[in-house]
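[1] Provided below are the primary sequence and the corresponding predicted coordinates.
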Amino acid sequence: EFSRVLYPNPVCFLSTINTNNDGVVENARSNVMTLSWITPTNNSGRFMFSINKNRYSASLLAPPAERHQKRKYVQTKSSDDESEHAANNYQAGIEFALSVPVQGMEQVVLDVGSISGRVGSKFPSPGGSEHGVANEETNLSNRKRKKLRMEQLSLHGVDGLIPVPLGDQTPDPSSGILSAPPLFAIKGTVAHLKCRTYAVIGSGKSEGETANSTNCDEAHIDNNHLLVMAEVVDGFVHPSYWDDKKLLFRPLSKDVPPYLTFFGSQTFGYVVSGDNEHIG
């Protein structure tokens, strides 16, 4: 059933955390990015996605392996496979979460994808909602208006981006809404998946170099992207979006908002209720 959530290729928030050497979560290193290049690879919850190496989340999802681990195998366990998988210069076994947003969250998705976690937390700063983000600077060009918006998002965070525990829809009042719990999801999303990487494929070559395509250790997409192989280890779906009879992830009625897919160029598609209608 884990794979069924990813069959429609929904837009996802991908949330990552980082811990220090003592295992303590460093909130400043928690991050969220948007992700739409997702492909299930089997019916047991395994999937893959591509991510640019320069993304801040890539440094949390695929940190470099220790020197003695490079070009070797690291063991990761899953429910149906305990074999070893190549890490290809990157650590495996990193946990992260996917959250599926719905209609009405488009601007949050776009804002999250427009700024980097390197400049600071994407979560709203105290008073962030009061400051707001300017959209109505009519005397500015589109380019300058976009630049101003990115600057303000970097300073104040993304309005409406609220971390919640996996499987929950409300933030913990004791921790507040600005402190992301471990493996957090995003409030308002209708499916949460707890995931773990088991292999990362990427070129060790520098820009402009060409890897030998006949060498398995050098298999990669290009010099700028990583191919992350991951598996779902736990999942939560809002009951209004899970067809228990057919094991389908879809809105069960028109009374709930559709969830999002992505066409590119800031254009969204929507997975809506079929109401038992079939396309011939």
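    Arrived safely.
[2] could you check the pLDDT of residue 29?
    With respect to pLDDT, residue 29 scores 65.
[3] start the count at 644 instead of 1 going forward.
    Yes, from this point I'll number from 644; that puts the last item at residue 672.
[4] burial measure for the closest residue to residue 830 other than its chain neighbours, as a count.
    Closest residue in space to residue 830, ignoring its immediate chain neighbours: residue 805 at 3.9 Å, by CB to CB, 6 or more residues apart in numbering. (Each C-beta comes from the backbone N, C-alpha and C, glycine too.) The local packing of residue 805 (other CB atoms under 10 Å) involves 20 other residues.
[5] wait, residue 805 sits on residue 827?
    No - if you go by CB atoms under 8 Å, residue 805 and residue 827 don't touch, sitting 9.4 Å apart.
[6] so residue 877, which of the three states?
    Remark: residue 877 carries the secondary structure label strand [criterion: DSSP: H, G, I helix; E, B strand; the rest coil].
[7] so residue 699 touches residue 758, yeah?
    No - Residue 699 is beyond contact range of residue 758, at 9.7 Å (criterion: CB under 8 Å).
[8] all strands for the stretch 744-893 of the chain, in order.
    In the stretch 744-893 of the chain, the strands defined using DSSP state E, counting those that start in this stretch lie at 806-808, 827-829, 834-844, 868-880, 885-886, 891-892.
[9] pick the most deeply packed of those strands.
    For the strands of the stretch 744-893 of the chain, the largest average neighbour count (mean count of other CB atoms under 10 Å) is found in strand 827-829, namely a mean of 27.
[10] tabulate the strands of the stretch 744-893 of the chain (TSV), appending distance to residue 684 and mean pLDDT.
    Below are those laid out as TSV (distance: least, CB to CB, whole Å; pLDDT from 0 to 100):
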stretch	distance to residue 684	mean pLDDT
strand 806-808	28	89
strand 827-829	23	92
strand 834-844	11	94
strand 868-880	8	94
strand 885-886	22	94
strand 891-892	17	93
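[11] these: which one's closest to residue 741?
    When the strands of the stretch 744-893 of the chain are compared by CB to CB, strand 834-844 sits nearest residue 741, at 4.3 Å.
[12] ranges for the helices of the stretch 644-793 of the chain?
    Applying DSSP state H, counting those that start in this stretch to the stretch 644-793 of the chain gives helices spanning 645-649, 699-704, 749-757, 771-774, 785-799.
[13] which one of these has the poorest average confidence?
    helix 771-774 (a mean of 46).
[14] quick one: secondary structure of the nearest residue to residue 897 once chain neighbours are set aside?
    Spatial nearest neighbour of residue 897, chain neighbours left out: residue 916 (5.1 Å); criterion: CB to CB, 6+ apart. Following three-state DSSP, residue 916 is assigned to coil.
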